[in-house]
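Enquirer: Have a look at this fold, sequence not included:
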């Protein structure tokens, strides 16, 4: 038995690596994707292009503008004198925000009245707009607190100062709130799923198309041995991609890995059982490699969208949240981010590991049953 499986493994490795393009897909694509997610895909909002419409032009208004500029979040690109010009800049996507200070802003502050300040943002990108409004509110609040402190001190004297509340914040696990620390570990999960699904889904179909399936059927090899010979090489390739992306994430992007590496690779084994089972199932129901490829992406894209990789699952409708429990990527993302960022262990992650184990056994069993019917 072991000799037959060994020959199948050798055959699959030769068939996979004899094409230089396939080598690029297996090893270069993960590197390119992790670099893209590490550098380009980010939710951090900095250097927002901002226009200033200062109708007051007072010392106080200029001080407030200076605070916006020195915060590091706003880059002032133009001072406008007309509302039409501010509208044109937003329409042409030349600025994302306009800070409008009405006439009499400084005089209202000196008189102790409420001075109104307007921030106009481009709401096309709701996430960026919300973050910009939050930045603006915090800068304005701090400026207002300083004005109140100065006025109180001038009235009551230096001996008595008003009480105030100081909020001290601390972020655990991702101290600097770097979005790459959130995305880069997730790239491991989506790359492993894509690679193993693509390779496995075309494994059996390729034998059908080139006419070697009949030759395999007349050999002494059993269906179980055939399945092992088809899946083990792709499982090893999946592990190689995990190691490759982990090394890039840790040493290039400086993403911390605080948990247990044996736990990470054990979870990867359970995850690979599921992805390989789904890929093999797709391969048995497909007649051509084109059908297998289309079916793979039909499964892959909803799996990524419903995994919590890009969009929080709690924000989805309840029915969709129920559907995510059938998604292996959902569980593996919790595990891999828990190992990388939180450093948690088996006592915390055992529900996700159990779910992956059940799904892996179920998908492999369905694929094996379908494959036996195909041979019959």
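Expert: That came in fine, so what should we check first? Model, not experiment: these values are computed from the prediction. Numbers count the residues shown, from 1 in each chain.

Enquirer: Spatially nearest residue to residue 194 (excluding sequence neighbours)?
Expert: Spatial nearest neighbour of residue 194, excluding adjacent residues (C-beta to C-beta, 6 or more residues apart in numbering): residue 300 at 6.1 Å. Heads up, the C-betas are built off the backbone N, CA and C, glycines and all.

Enquirer: Test my guess that the one you found contacts residue 192.
Expert: No. Residue 300 lies out of contact with residue 192 (C-beta atoms under 8 Å); the separation is 11.6 Å.

Enquirer: Compare neighbour counts for the two and give me the winner.
Expert: Using other C-beta atoms under 10 Å, the more surrounded residue of residue 300 and residue 192 is residue 192, with 25 against 19.

Enquirer: Low-confidence ranges, the stretch 1-150 of the chain, go.
Expert: Scanning the stretch 1-150 of the chain for pLDDT under 70 picks out the ranges 1-5, 7-8, 41-43.

Enquirer: What ranges does it have for its helices?
Expert: When assigned using DSSP state H, counting those that start in this stretch, the helices of the stretch 1-150 of the chain occupy the ranges 2-17, 20-23, 29-39, 59-70, 83-91, 105-110, 126-156.

Enquirer: ok, now which ones touch residue 310?
Expert: Applying C-beta atoms under 8 Å, 6 or more residues apart in numbering to residue 310 gives the contacts residue 304.

Enquirer: Tell me the spacing between it and residue 351.
Expert: 23 Å (C-beta to C-beta, to the nearest Å).

Enquirer: before we move on, what about residue 244?
Expert: Note on residue 244: its distance to residue 351, by C-beta to C-beta, is 29 Å.

Enquirer: Show me which of the two is the more surrounded one.
Expert: Neighbour tally, residue 244 and residue 351, criterion other C-beta under 10 Å: the higher count belongs to residue 244, 17 against 10.

Enquirer: Let me know the pLDDT of that one.
Expert: Looking at residue 244, its pLDDT reads 91.

Enquirer: Disregarding flanking residues, what is the spatial nearest neighbour of it?
Expert: Leaving aside its chain neighbours, residue 244 sits nearest to residue 30 (5.9 Å; criterion: C-beta to C-beta, 6+ apart).

Enquirer: again, but for residue 53
Expert: Once flanking residues are discounted, residue 53 sits nearest to residue 100: 4.4 Å by C-beta to C-beta, 6+ apart.
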